[in-house]
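>>> Give me coordinates for this.
(chains A and B)
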Amino acid sequence: MASLVGSRVERKEDKRFLTGKGRYTADINIVNQTYAIFIRSPHARAKIKKIDISKALKSSGVVDILTGEHIAKDKIGGLIAGWAIRSEDNSEMKCPANPPLAKDNVNFVGDPIAVVLAESLDEAKDAAELVKIDYKILEAVTNLGTSMESEAIHEGIDKNLCYDWLLGDRQKVKEAFEKADKIIKLDITNNRLIPNAMEPRACVIDYNTASEEITCYTTSQNPHLSRLIMSAFGGVAPENKLRVVAPDVGGGFGSKINLYNEEIVCSWASKKIERPIKWVAERTESFLTDTHGRDHITHAELAVTNDGKFLGFKNETIANLGAYARVFGTVTPTYLFGPCATGVYIMPAAYSNVKAVYTNTAPVDAYRGAGRPEATYTIERIVDKAAIELGIDPIEIRMKNFPTEFPFKQTLVHQIDSGDYVAGLNKAKEMSDYDGFTARKKESESRGKLRGIGVTTYFEACGIAPSPVVMMLGCGVGLWESAEVRFNPTGQVTIYTGSHSHGQSHQTTFAQIAADELGVPIENIDIVHGDTDKGTFGMGTYGSRSLTVGGIAIVNACKKIVAKGKRIAAKMLEVSEDEIDFNNGEYLVAKSNKKKTIGEVAFASYLPGVRDEVKSPLPEGDEPGLIESSFYDPANFSFPAGSHIAEVEIDPETGNVKLDKYTAVDDFGTIVNPIIVEGQVHGGLAQGIGQALTENAQYDDTGQLITASYMDYTMPRADNFPEFNLGFTCTKATTNPLGVKGCGEAGAIAAPPTVMNAVINALGGREIDMPATAEKVWEACNEMKKTNSEAA
Amino acid sequence: MKLVGSYQISLKKQKVWEALNDPEILKQSIPGCEEFKKNSETEFEATATNKIGPFNASFTGNIELKEINAPNSYIIEGSGNSPVGFATGSAKVNLEDHENGTKLTYEVNANVGGKIAQVGSRLIDMTAKKMADIFFGKFSELIEDKKIPRETEIKPKIEKDKKNLFNYKNKSKTIIYITSAVLIAFAIYLVF
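Below is the predicted model:
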């Protein structure tokens, strides 16, 4: 059997997804279920003076209406930040309480206040309209730039500041800047995004009155983590009486990492009313309450020599946390952001300083790339600016500052085990026909169009992460992953993983790995995930960790299976273990034709005896059965890297930006399944290009989200994309046995600066912020015309 | 959101001012107004149902008159709540003598929130303009006629140029008067 790792195996998932047979949370219905509607604050900041549910309670079909007072009385806890970050002055970060239902204060439009439970959805909606809430409206803090001078929105949190964090050495940077020929300065914003998973959040709760167990079907990227938080912090039920199931999940992009208010409230309420509860978010609810992404204001400076060598870098950022700190909310703008601030370059001195603030907007948390896109956007924009100011080609200036020896100790934190940035950029240069750009620009100009080219080189730190390291940095849990491999007596294999697939194709990729390890046909391998009652424990899927952490746990468990099988085979074949080789699912005795297949060994392990004789195939000390598990804690992050080159054509009459060419060359180490990796790159690019060209979440001054539907929040469409030109280089990761690196976030990290550098190049160096909408570009074009005619 | 506009009313300033303080006229001028209660000389309570984008919303709210400078100007401040969101705002209303009548100018500052803002933000400006037009249009119409009908159905219309429209209306009224007069004259002629 040829190795399956590396081959284009068609996705096992496709059949059910492409034929509409996926089973999502909203597809689940339980007999006698009630329907939940959440009453949410229409105000960005207000005190709740009075809630009157009397009229609503009498409304037809209403089962119960529960408020913050009820939930406080039952001592149900709220939502938490998963990482404790310390400020530069060593003080601990400040987090407000975030109860599942607001009792006294609301802090963003969409903050849930009460839940109506009724026999039907319509009756729940009707009753919700009858709930009267008196508010004392307070002035909302919505402007990130002035948030620290505004009134504190949470009691005891001065300047709305969660922390003022520093990574790096200010003194060294100061010294480096003193030696510089030139200081390049850049002020940019990283626009707020709404994740927009295709499937809105939902939960269906089934309280079993007999076993007193709560089953929570939910749209989660990490069901075990949700169970842990709901039990340990929510106090809804002990973990052994709580089952969290995340069935098919239609995209997460980080927004489904968090355990949300609705899951806690419905789980608690189901036990209270002793009936199942179903809640499915409407699209606008998703816009309002899914955690948002990005939203930074950054001032950066790069110290350079005249010949383009980088001497030092500083990044001063204000990061918006929204109204509350959530699971990855506090780490996204710090340890997921700061270390990557210096990009792929040798940077003798650097620091990242991040002030994270609270505002009266939806909580901001990890969104595809989480911190790394923001870091990469800044460094790649400023490197391009340096190239312009120094008159050096953007590829040349990058090449000048690349490390060429690996492992490479990156300035701020990471020890990058492997990579070849020069090879990647050369390949991208060739694939994109970089040298032919001048001719293409002329051709565009002949049609009255402006053409620009943009380059980005990036690395990222994903596959999170070594538990002792992340826990030292403030993480509340270890970020290992577990796997359990179960051989059935008749030879099929069921693998339980704590990782979760919501688009990542675990059923295919993980089966490929296991098929290679065990020598079992891929059809005979099933991957089970997403159910806390199946499988031991797991930390879930985010930060491109499924394969590099969860996949390796599977490899290790398979190796244990093979090892036990070898002991059994040796006994069965009456040879010593050293005489046996395992190859392609067969235990072979060297220099003989004696062998046992792994299936035969599995069978024997479950039926350890023979008729008429007392004889076991099991060696002394080995138990029956062939089941092994593994908890894998990665030795390091994984460090994919790449070079992306884009070309845009701008119509100066309309400001419309056409992304004409996009070349992505990425190094993901060993590629298990090229189809899936290409799909991941495509998806990441689509979201990154969306950020660069169309997407923007906008609050008005009073804190109303005015982009809360697809009429006003512009998702990218197929016609925003060219045919992506993908290439790969491969330097294997040295820190895991497969040599794999994460690939899920790369596109979303690299695309924004690549596209924006191209747009700015087309605009002759005029800087605009994302998204490069037709209006902004048109204005820049007009300015350009004005300057050009003045110059003439 | 900000809105400004003006209307020319062929009545003396004092008359217009009185009408601006008359709950019955205000009630009939507010689009979709179902209830209008005077709580004090300067405070009112109102219920109105209106269609905003996809929502048919019943608002209840309080209205207060402030900075009263009779008969020249005042500020109407109000806030309304509905199941689909809320609206708060104020309108500064100014009266000045102009072309044998009164020129009414208004400047509205309004905020909306909740579902109305989320789904209908791009409809709000248009709806607000329409509401203002209906309000001040109806108001001018009512007081110019000096007759206040007890029940009035208000049909929203998008009226871009109020002044011309009024002229047109006046013209059409004149035509109706003339036609009626001719018809009556003809009838009299036939009978006799």
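>>> So residue A:430 versus chain B, what's the distance?
Applying Cβ to the nearest Cβ, to the nearest Å, the value for residue A:430 to chain B is 46 Å. C-beta: built from backbone N, CA, C; applies to glycine.
>>> looking at this, that residue is in a helix?
Yes: per DSSP: H, G, I helix; E, B strand; the rest coil, residue A:430 lies within a helix segment.
>>> Neighbours of it, how many?
Applying other Cβ atoms under 10 Å in any protein chain shown, we find 13 residues neighbouring residue A:430.
>>> Tell me who's in contact with the residue most central in space within chain B.
By Cα atoms, centre = their mean, chain B has its centre lying nearest to residue B:135, at 1.7 Å. Contacts for residue B:135 (Cβ atoms under 8 Å, 6 or more residues apart in numbering or on different chains) come out as B:29-31.
>>> out of those residues, which are buried?
Buried subset of those (neighbour count, 16 or more other Cβ atoms under 10 Å in any protein chain shown): B:29-31.
>>> about what we covered before: among the contacts of residue B:135, which lie within helices?
For the contacts of residue B:135, membership in helices holds for residue B:29, with DSSP state H as the criterion.
>>> and the gap between residue A:300 and residue A:184?
Computed as Cβ to Cβ, to the nearest Å, the residue A:300 to residue A:184 distance reads 8 Å.
>>> Pull up the overlap in contacts between these two.
residue A:382.
>>> what about the helices in the stretch 1-150 of chain A?
With DSSP state H, counting those that start in this stretch, the ranges of helices along the stretch 1-150 of chain A come out as A:14-18, A:54-57, A:68-73, A:121-128.
>>> Please identify the most buried of the ones you listed.
With neighbours defined by mean count of other Cβ atoms under 10 Å in any protein chain shown, none of these is more surrounded on average than helix A:121-128, at a mean of 19.
>>> mean confidence score for that one?
Confidence for helix A:121-128, expressed as mean pLDDT, is 97.
>>> Now do it: everything it contacts.
For helix A:121-128, the surrounding residues in contact (Cβ under 8 Å, 6+ apart) are A:34-37, A:39, A:56-57, A:59-62, A:65, A:116-118, B:83.
>>> Out of these, which two sit at the greatest distance?
Pairwise distances across these peak at 20.6 Å for A:34 and B:83 (criterion: Cβ to Cβ).
>>> what's the closest non-adjacent residue to residue 36?
Defaulting to chain A. Spatially, and ignoring its direct neighbours in sequence, residue A:36 is nearest to residue A:279 (4.0 Å; Cβ to Cβ, 6 or more residues apart in numbering or on different chains).
>>> try again with chain B
The spatially closest residue to residue B:36, leaving aside those adjacent along the chain, is residue B:27, at 3.5 Å (Cβ to Cβ, 6+ apart).
>>> and the one you found, how many residues sit next to it?
Using other Cβ under 10 Å, residue B:27 is surrounded by 19 other residues.
>>> what residues does chain B put near chain A?
Within chain B, the positions adjacent to chain A are B:83, B:85-86, B:88, B:111-115, B:117-119, B:121-122 by Cβ under 8 Å from any Cβ of the partner chain.
>>> Tell me the one of the contacts of residue B:135 nearest residue A:247?
Nearest to residue A:247 among these, counting by Cβ to Cβ, is residue B:31 at 48.4 Å.
>>> Per-residue confidence, the closest one, what does it come out as?
Per-residue pLDDT puts residue B:31 at 84.
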